[in-house]
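# Predicted structure and sequence below. I'll ask about it afterward.
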Amino acid sequence: MSNLYQILFYYSSHPVICHKVFNNDSGQILKFEKVLANQVFLDLFDGELDLLTENESGPDGFDFFSFLCKVQESQIPEVAEHFFSDKKRTLRFEGKMVEDSVLATSVEIVNEVKQVKSTVGNPNSATVLMDSTFQSSLELRKLLRAVEQSPVSIVITDTDGTIEYVNPVFMEMTGYTPEEVLGKNPRILKSGMVCQKDYEEMWETIKSGSIWKGEFINKKKNGDLYFEQATIAPVLNSEGVTTHFVAIKEDITETKKYEQDLIDTREKARESEILKAAFLQNMSHEIRTPMNAILGFSELAKMTETSVEKRNSYLDIVIESTHRLLGIVDDIMDISKLETGTIVLKNSPIRLQGFLLNLYNSFIDNTGSQVLLEKPVIDPELQNINIYIDSSRLRQVLEKLLSNAVKFTKQGSVKFGCTRIGGALRFYVEDTGIGIQSEMFSLIFQPFYQLDMGATRAFGGNGLGLTIASRIVDKMGSSIKVDSHPGKGSTFYFDVWPEYSDGISTPDNSMARSVVPEKNHFSLLVASDKEMDFIMIREILNREFGRKIKVIKASSANQAIEICREQGPVDLILMDVKLRDMEDGRAARQLKSMNPNAAVIAQTGKEIPTDKANLLEAGCDDIIIKPVYRDDLIDLMYKHLKITI
């Protein structure tokens with residue numbers, strides 16, 4: 001007999017006795033053997049137990065054996081009834097098959113008698129009696145059907161938490177069969193994502209006789225994680241003592257995903273409005289400034305009383321402002337193309353020495369008397385070789401970096417060049433200008449960003465130069481890095497791995513991590529196409545660290561790269577190695593180059609043979625095995641982030 005029937009029958013208010021049927025080889029019924037009688041039955045009919053266990057006709061012509069045979073042979077879910085009266089009382093027997101070989105018989109004492117047809121025996125002479133206990137029996141059957149057919153998961157345990165019953169929805173939800181969970185503790189569903197304190201609070205509540213409501217993050221048989229909303233209540237006997245616990249659980253994973261989609265949509269809408277406002281405000285200012293100069297000095301140049309010397313000076317300002325305006329338009333067009341991905345790099349051979357000298361000559365007359373632009377420095381082994389790269393885009397990047405270096409250096413020097421780092425080529429621009437605070441490193445590559453209002457007024461600029469340069473370098477498969485100290489100057493550099501016509505070896509992409517400055521807020525990028533992974537990690541970190549860690553979602557490696565390109569470097573990256581667009585580590589390498597101060601953590605499964613050396617070579621700094629447990633994830637945060645408690 002199933003555990004559910006045992007529990008419900010044993011604690012039923014009706015007297016119930018169960019028999020098991022035994023057949024011979026030909027299927028003929030040999031006997032019925034009592035297997036269970038609840039306490040109410042024993043209290044009322046203990047002296048008449050033999051009557052209900054005999055396999056022959058009993059006294060007064062009542063044939064209980066024939067009654068059980070009728071129930072067993074019918075093999076239908078409906079209930080068979082028989083009423084027996086003697087001088088003392090009238091008994092109503094209700095029999096039903098509860099399993100293939102087990103019959104349950106409810107015995108009721110009826111007080112008021114009415115003549116109706118019987119379902120067993122002679123229909124013309126039997127007496128059928130009905131009272132309030134018949135209605136109670138119907139309620140019991142309704143309860144059985146409700147539990148079995150419930151649309152939510154139902155689990156019944158004893159007071160120690162040992163599972164005694166699970167309904168079909170539990171099996172569908174978890175993937176476990178009854179044989180795999182009966183007799184075990186519900187902790188087999190634990191995912192490691194729920195704090196131990198939550199479990200302790202639950203047990204304290206239900207053991208006190210109260211109902212507990214809350215949420216779990218559990219793990220299915222196949223390892224998948226899911227959210228469930230649970231209500232757990234104690235089951236009390238007639239004396240008020242807890243005998244069992246009943247848990248009613250509902251899978252709310254889809255609800256969590258929907259909530260996350262709403263959060264993402266709202267956040268994207270907010271960011272879009274902020275970017276739109278920033279774009280309009282900056283472009284309005286940057287366009288109006290040169291336009292104002294063009295219109296004003298053109299009017300002055302037209303005046304008849306203006307001298308030739310002043311007219312020429314005014315026209316120089318008009319020309320300079322026109323070029324500045326054209327530069328703004330070009331920048332807007334470039335950033336638009338880069339954001340939409342319509343720019344295609346066209347590689348062609350260039351000789352490094354001549355390329356850098358041409359760039360030097362174009363800037364030498366624009367540095368002013370207080371700034372020395374030094375000739376480009378090139379490693380001797382690179383001076384006479386050709387590399388295959390998009391020369392126009394490379395020149396555009398270096399022009400943006402040199403322009404910033406000259407602009408922000410009031411007095412001192414600017415140097416640039418190219419050197420070989422392993423198999424990579426490193427281009428750099430170094431100045432002795434005003435420098436940048438370390439907390440600004442992740443912001444200066446954002447569109448329209450300026451170091452401060454004072455710098456904007458003193459030095460001008462539309463805030464797109466570094467953004468365009470960084471996007472182009474991203475397109476080349478690398479990222480621009482910065483090393484700077486306020487008042488001491490800045491160095492901007494990036495590495496590329498071009499093809500060589502002179503047979504120089506391919507790059508060694510290993511790079512030393514920079515030191516991460518201490519701070520109070522961090523950003524974590526989760527690159528996984530499993531949305532549950534993201535929700536789980538976000539929930540754990542929110543509960544542990546509050547708002548100290550902002551968790552960002554990327555559904556693919558390319559989207560992760562795009563997020564870093566748009567929002568700037570992050571502090572930590574968790575990347576699923578099974579992402580379809582990982583491309584043998586290319587994505588990890590690019591994310592690493594875009595986030596030099598961030599650790600890239602590879603998420604992998606135990607069943608997948610993973611070569612840690614290969615992952616580290618691809619740019620990863622550490623590995624975490626799935627499923628990710630709460631404590632492991634928190635330890636990982638403390639290991640790679642300088643989080644102050």
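Perfect, I can see it now.

# What helices and strands are in contact with the longest helix along the chain?
As assigned by DSSP state H, the longest helix anywhere in the chain is helix 253-302. Using 3 or more C-beta pairs under 8 Å, 6 or more residues apart in numbering; DSSP states H and E, the elements in contact with helix 253-302 are strand 225-236, helix 308-340, helix 531-545. Just so you know, the C-beta spots here come from the backbone N, C-alpha and C atoms, and that holds for glycine as well.

# How many residues are close by Gly477?
Neighbour count of Gly477, defined by other C-beta atoms under 10 Å: 16.

# Count residues in the vicinity of Glu108, would you?
Residues near Glu108, counting by other C-beta under 10 Å, number 21.

# Output the contacting helices and strands for the helix or strand encompassing it.
Taking DSSP states H and E as the criterion, Glu108 maps to strand 102-110. Where contact means 3+ C-beta pairs under 8 Å, 6+ apart, strand 102-110 is packed against strand 16-23, helix 39-45, helix 64-74, strand 90-99, helix 132-148.

# Now do Tyr360, the pLDDT please.
Tyr360 is assigned a pLDDT of 91 by the prediction.

# gap between it and Val551?
45 Å (C-beta to C-beta, to the nearest Å).

# Which of those two has more residues huddled nearby?
Val551 (20 against 16).

# need the contact list for that one.
By C-beta atoms under 8 Å, 6 or more residues apart in numbering, the residues touching Val551 are Leu524, Val526, Phe534, Ile537, Arg538, Leu541, Asn542.

# please redo it, this time with the cut-off set to 7 Å
The neighbourhood of Val551, defined by C-beta atoms under 7 Å, 6 or more residues apart in numbering, consists of Leu524, Val526, Ile537, Arg538, Leu541.

# now Pro380
Contacts of Pro380 were listed using C-beta under 7 Å, 6+ apart, and none were found.

# before we move on, what about Arg311?
By C-beta under 7 Å, 6+ apart, Arg311 lies in contact with Ala301.

# contacting residues for the residue nearest the centre of the chain?
Residue closest to the mean C-alpha point of the chain, counted by C-alpha atoms, centre = their mean, is Phe534 at 1.2 Å. By C-beta under 7 Å, 6+ apart, Phe534 lies in contact with Val526, Ser528, Lys553.

# For the first one, list each beta-bridge partner.
What it means is Val526. Lys553, Leu574 (DSSP bridges).

# isn't Thr157 right next to Tyr165, touching?
No. Judged on C-beta atoms under 7 Å, Thr157 makes no contact with Tyr165 at a distance of 8.4 Å.

# What segments of the stretch 301-450 of the chain are strands?
Assigned by DSSP state E, counting those that start in this stretch, the stretch 301-450 of the chain shows strands spanning 348-351, 371-373, 377-378, 386-389, 412-421, 424-431.

# Contacts for the third one, please.
Pointing back at strand 377-378 there. Here strand 377-378 has contacts from Leu352, Gln353, Leu356, Lys415, Gly417, Cys418, using C-beta under 7 Å, 6+ apart.

# Centre of the chain to that strand, how far?
Computed by C-alpha atoms, centre = their mean, to the nearest Å, the chain-centroid distance of strand 377-378 equals 47 Å.

# Show me what that strand pairs with in its sheet, parallel or antiparallel.
Strand pairing for strand 377-378, determined by DSSP bridges: strand 412-421 (parallel).

# Taking strand 424-431 as reference, get the angle to the partner strand.
Calculated by axes from the mean of the first three to the mean of the last three C-alpha atoms, to 10 degrees, strand 412-421 forms an angle of 170 degrees with strand 424-431.

# mean confidence score for strand 412-421?
93.

# same question, stretch 208-216
If you average the pLDDT values across stretch 208-216, you get 91.

# Pull up the distance across that stretch, start to finish.
Taking C-alpha to C-alpha, to the nearest Å, stretch 208-216 runs 21 Å from one end to the other.

# By mean pLDDT, point me to the weakest helix or strand of this structure.
helix 453-459 (a mean of 45; mean pLDDT, DSSP states H and E).

# Which is the succeeding secondary structure element to it?
helix 465-475.

# now for that next one, which elements pack on it?
Packing contacts for helix 465-475, counted by 3 or more C-beta pairs under 7 Å, 6 or more residues apart in numbering; DSSP states H and E, involve helix 308-340, helix 391-407.

# neighbouring contacts of the shortest one?
What it means is helix 391-407. Contact with helix 391-407 is made by 345, 348, 350, 355, 359, 363, 366-367, 371, 414, 416, 427, 429, 431, 433, 459, 465-466, 468-469, 472-473, 492, as judged by C-beta under 7 Å, 6+ apart.

# returning to that earlier point: switch the contacts of Phe534 over to TSV; also include neighbour count and pLDDT.
Below are the contacts of Phe534 laid out as TSV (neighbours: other C-beta atoms under 10 Å; pLDDT from 0 to 100):
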residue	neighbour count	pLDDT
Val526	26	90
Ser528	22	87
Lys553	21	89
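
# and which of those is nearest Gly175?
Closest approach to Gly175 among the contacts of Phe534 (C-beta to C-beta): Ser528, at 21.7 Å.

# would you say Cys564 is within a helix?
Yes. Assessed with DSSP: H, G, I helix; E, B strand; the rest coil, Cys564 lies in a helix.

# Next, count neighbours for the closest residue in space to it that isn't next to it in sequence.
Of all residues not flanking Cys564 in the chain, Met594 sits nearest, at 4.6 Å (C-beta to C-beta, 6 or more residues apart in numbering). Using other C-beta under 10 Å, Met594 has 26 neighbouring residues.

# Then Glu250?
So Glu250, with other C-beta under 10 Å, has 16 neighbours.

# Secondary structure class of it, three-state.
Strictly by three-state DSSP, Glu250 counts as strand.

# Name whatever forms a beta bridge with it.
Gln229.

# quick one: contacts of stretch 535-548?
Against stretch 535-548 from outside (C-beta under 7 Å, 6+ apart): 193, 195, 217, 225, 256, 260, 520-522, 526, 549, 551, 574, 628, 630, 633-634, 643.

# Kindly report the same for stretch 478-487.
So stretch 478-487 is in contact with 434-437, 441, 469-470, 473, 490-496, 593-594, 596, going by C-beta under 7 Å, 6+ apart.

# isn't Ile549 right up against Leu524?
Yes. Using C-beta under 7 Å, Ile549 makes contact with Leu524 at a distance of 5.5 Å.

# These two: which is more packed in?
Leu524 (24 against 20).

# What is the nearest of the contacts of Phe534 to Ile601?
Nearest to Ile601 among the contacts of Phe534: Val526, at 9.9 Å, using C-beta to C-beta.

# List the contacts of that closest one.
Contacts for Val526 were tallied using C-beta under 7 Å, 6+ apart; they are Asp533, Phe534, Ile537, Val551, Ile552, Lys553, Ala554, Leu574.

# And the pLDDT at the third one?
It refers to Ile537. For Ile537, the pLDDT comes out at 87.

# For stretch 488-503, list every residue counted as buried.
Gly489, Ser490, Thr491, Phe492, Tyr493, Phe494, Asp495, Val496, Trp497, Pro498, Tyr500 (16 or more other C-beta atoms under 10 Å).
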